[in-house]
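> Fold the following, please.
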Amino acid sequence: MSAQSEAAELAAKAIGKGALHLIKWGKKIIPATADEIKMYGPEATRVKALMSMIGSLSEDASKLGFAANKSVAENFGKALNKADLEADSKMLNAGREKLTGLARLDILDLLDRSKNPARNALRPPAKRAVSAEVVSDLITPKSYSVLTDPMNTARTFDMTVPNAPEGFTNIARSLGERGLIAAPKDIELAQRISMLLPDMQQVYLNLLGEGTDPAQLLQALRLMGQ
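Okay, here's the model as predicted:
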């Protein structure tokens, strides 16, 4: 195999691996029309799917999306800044400034027209996520994940609610208020906490202080209950 062919194969594998990190925002993928591609670029289908998902989010999910965005900014600021810079750089190099600007305006307009009481909370994470989607074929999986984690956190919450224990929503709210919700994995942790007996859930929240690892505390309580 020539060096050029080997490089092409490695690039193809990298692209395939990166695609696995892209979020499927909806149950059905509806291809973008020619007009939508003209408005949002080659990733118009993903931009459109994100907008559709945002329009259906619950109030609690929206607040958790805001909390996650704040937590990412406060605790992972360096990674977030790097991801923002990469997305902006790729956007400029690919000549997608107008596409990104239009996508941001349309998603803000969507929120303005929404009946969701927490629609304003979604503005920061939604703008960041839609900007990432416009260049999702160009940025690294890591940058894509950092930029879309808050919106994916909100989405994961709404997807979890129907099959979660009764205390799940209150646990997720409490973790969000404490700045401990930053990614979908934190919603999964909230679900596991809500599987504890009610008394143990309260013990967990009482013990969860600054500097405490939420996952380790849950493991310790489970061991105590055995």
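> where does the chain have low pLDDT?
1-21, 225-226 (pLDDT under 70).
> Which positions within stretch 162-176 qualify as buried?
For stretch 162-176, a neighbour-count test (16 or more other CB atoms under 10 Å) marks Ala164, Gly167, Phe168, Thr169, Ile171, Ala172, Arg173, Ser174, Leu175, Gly176 as buried. No exception for glycine: its C-beta is placed from N, CA and C like everyone else's.
> out of those, which are inside helices?
Counting by DSSP state H, those place Phe168, Thr169, Ile171, Ala172, Arg173, Ser174, Leu175, Gly176 in helices.
> tell me which element the nearest residue to the last one once chain neighbours are set aside is part of?
For Gly176, ignoring the flanking residues on the chain, the nearest one in space by CB to CB, 6 or more residues apart in numbering is Ala67 at 3.8 Å. Under the criterion DSSP states H and E, the helix or strand holding Ala67 is helix 59-75.
> and what of Arg46?
helix 44-54.
> Which positions within that helix qualify as buried?
Ala44, Thr45, Arg46, Val47, Lys48, Ala49, Leu50, Met51, Met53, Ile54.
> correct me, but Leu22 touches Leu147?
No: Leu22 is not in contact with Leu147 according to CB atoms under 8 Å; the separation is 11.8 Å.
> picking up where we left off before, which residues touch the residue nearest to Gly176?
By CB atoms under 8 Å, 6 or more residues apart in numbering, the contact set of Ala67 is Gly176, Glu177, Gly179, Ile181.
> if we can go back for a sec, the more surrounded of Leu22 and Leu147?
Leu147 (27 against 17; other CB atoms under 10 Å).
> who's in contact with that one?
By CB under 8 Å, 6+ apart, the neighbours of Leu147 are Leu80, Ala83, Asp84, Ala87, Arg128, Ala129, Ser131, Ala132, Ile139.
> How far off centre is the top helix by length along the chain?
Longest helix in the chain by number of residues (criterion: DSSP H): helix 141-160. Centroid separation for helix 141-160 versus its chain: 1 Å, with CA atoms, centre = their mean, to the nearest Å.
> List the buried residues for it?
143-158, 160.
> can you state the direction angle for it and helix 44-54?
For helix 141-160 against helix 44-54, the angle by axes from the mean of the first three to the mean of the last three CA atoms, to 10 degrees is 40 degrees.
> returning to what we had before: please write out the alpha-carbon positions of the helix holding Ala67 in PDB.
In PDB, the C-alpha atoms belonging to helix 59-75 read as follows (Å, rounded to 0.1, in the frame of the first residue of the first chain):
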ATOM      1  CA  GLU A  59     -39.200  23.300  31.000                       C
ATOM      2  CA  ASP A  60     -37.100  21.100  33.300                       C
ATOM      3  CA  ALA A  61     -34.900  19.900  30.400                       C
ATOM      4  CA  SER A  62     -34.400  23.500  29.300                       C
ATOM      5  CA  LYS A  63     -33.300  24.500  32.800                       C
ATOM      6  CA  LEU A  64     -30.900  21.600  33.000                       C
ATOM      7  CA  GLY A  65     -29.500  22.500  29.600                       C
ATOM      8  CA  PHE A  66     -28.800  26.000  30.900                       C
ATOM      9  CA  ALA A  67     -27.200  24.500  34.100                       C
ATOM     10  CA  ALA A  68     -25.000  22.200  32.000                       C
ATOM     11  CA  ASN A  69     -23.900  25.100  29.800                       C
ATOM     12  CA  LYS A  70     -22.900  27.100  32.900                       C
ATOM     13  CA  SER A  71     -21.200  24.100  34.500                       C
ATOM     14  CA  VAL A  72     -19.200  23.400  31.300                       C
ATOM     15  CA  ALA A  73     -18.100  27.100  31.100                       C
ATOM     16  CA  GLU A  74     -17.100  27.200  34.800                       C
ATOM     17  CA  ASN A  75     -15.400  23.700  35.100                       C
END
